[in-house]
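Starting from these lines, generate the structure:
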Amino acid sequence: MTTQKSPKKNKRTWYLLYVVTAILIVAISYFNLSSDLEKQELEIKNLENKIEKLAAVLPQKSTELLAKEKENQVLLLTEESDSLLFYKTKGKQPIYNKDLSVITEAAITLNNKKNQIIEEKPTVKKTTIIGQSKVIKKKKKPVVKKKIVRETIWNTDLINDKNRDEVSLFVFDETDKIDSFLTKRFKVEFEKRSYFITKEIIFADVMTIEIAANLQEKNINYFKGNLAKYTDYVCIAKATYSYTQNLYRDDFIDCTMSIDYYIYSSETGKVLLSEKDKVIGSDQNKEKSKQRAIEKFVM
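Numbering: from 1, shown residues only. Next comes the predicted model:
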């Protein structure tokens, strides 16, 4: 009578066999991985040693390079980017693994052009002895602008064309000086309305407080008929500017420009038009905020 092994014992045997096999596979993989890591570390160390032994040098003078050429101490490598690396020992370039060749004069010329190697020049120290010499600086002559001498305040080149109505524009600031920026803006507005603005009939560089006051007061007798000689109408504008902090932005300043302007006849002094306006411009400083206010002005 034969006895058979129980199924449970057979299952346990196969299970143990699987476990042992899995452990062996893991152990073999671990040892292989460890050996690969050791190889990589060894290769890195070898590469580092090569780099330490074969370190690149930066040449300072081509004459030194040529002198060392005879001793075969300085070698060079041409890379893919056509730049040159210099070494003091023979062998292969550690990164590109290319053989180093002996330096030549042609290679030095090429390197000088690419890297702009400049021959070192001896420096001369300049010493100054107090009391023996003085450095005399030439004084710049001040630029003196020649003042234009005018025979008359009137622009005699102008002729009043009787076939059209001409307007002469005088825009003053609070100091009764000509406000050039606002004058340009007024001209633009007048041209939109098909007015013909003459060139200055009284030169700005001869404008005095007395002349400005008589123009603003419409005192045509003061000018002895010359206003009518050069223009049909006179437009006077007077602007004042005040500045305050912007309510919404701390970095902005508001410029309030108040303007009074009117037009009168150069023959009779009769006022034909009189207007007042107020414009506010805002920007980061007074000058810019003033420009913004002028740009907003519309007749």
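
CA atoms for contacts and neighbours, from now on please.
Will do.

Going along the chain, name the helices of this structure.
7-53, 62-69, 105-115, 180-192, 209-216, 226-230, 286-296 (DSSP state H).

Can you tell me which of the ones you listed has the worst average pLDDT?
Of all those, the minimum mean pLDDT falls on helix 62-69 (a mean of 52).

Domain parsing of the chain, as residue ranges.
When the chain is parsed with automatic domain parsing, its domains come out as 56-115, 166-296.

Would you mind finding the most buried of those domains?
domain 166-296 (a mean of 17; mean count of other Cα atoms under 10 Å).

can you redo the domains of the chain as a markdown table with distance to Y18?
Shown next, in a markdown table, are those (distance: least, Cα to Cα, whole Å):
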| stretch | distance to Y18 |
| --- | --- |
| domain 56-115 | 47 |
| domain 166-296 | 79 |
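
among those, which gets the worst mean confidence?
Among the domains of the chain, domain 56-115 scores lowest, at a mean of 60.

picking that back up, for the domains of the chain, which one sits closest to E38?
Proximity to E38 (Cα to Cα) singles out domain 56-115 among the domains of the chain, at 20.3 Å.

dump the residue contacts of A212.
The contact partners of A212, by Cα atoms under 8 Å, 6 or more residues apart in numbering, come to D176.

what do you get for E166?
N160, Y195, F196, I197, T198, T231, D232, Y233.

now V271
Y262, I263, Y264, S265.

Out of the residues you listed, which sit inside strands?
Those of the contacts of V271 mapping onto strands are Y262, I263, Y264, S265, per DSSP state E.

a markdown table for the residues you listed, including distance to V19?
Output for these, formatted as a markdown table (distance: Cα to Cα, whole Å):
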| residue | distance to V19 |
| --- | --- |
| Y262 | 110 |
| I263 | 112 |
| Y264 | 116 |
| S265 | 118 |
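
which non-adjacent residue is nearest M257?
Nearest non-adjacent residue to M257, counting by Cα to Cα, 6 or more residues apart in numbering: Y241, 4.7 Å away.

Hmm, R164 and Y195 touching each other?
No - assessed by Cα atoms under 8 Å, Y195 is found out of contact with R164, at 9.4 Å.

which residues does the closest residue to D99 other than its chain neighbours contact?
Distances taken as Cα to Cα, 6+ apart put K92 closest to D99, at 4.4 Å, once the chain neighbours are dropped. Going by Cα under 8 Å, 6+ apart, K92 touches K98, D99, L100.

before we move on, the earlier item: got the contact list for the residue nearest to M257?
Counting by Cα under 8 Å, 6+ apart, Y241 touches E174, C255, T256, M257, S258, K290.

now, among those residues, which is nearest to K218?
K218 has its nearest neighbour among the contacts of Y241 in E174, at 18.0 Å by Cα to Cα.

Confirm for me that the closest one is in contact with S242.
No - under the criterion of Cα under 8 Å, E174 is not in contact with S242, lying 10.7 Å apart.

Quick check: end-to-end length of stretch 241-253?
End-to-end distance for stretch 241-253, by Cα to Cα, to the nearest Å: 12 Å.

And for stretch 229-238?
Its first and final residues considered, stretch 229-238 spans 24 Å by Cα to Cα.

Please work out which residues outside that stretch touch it.
Under the criterion Cα under 8 Å, 6+ apart, residues 158-160, 165-174, 176, 198, 201, 215-216, 259-267 lie in contact with stretch 229-238.
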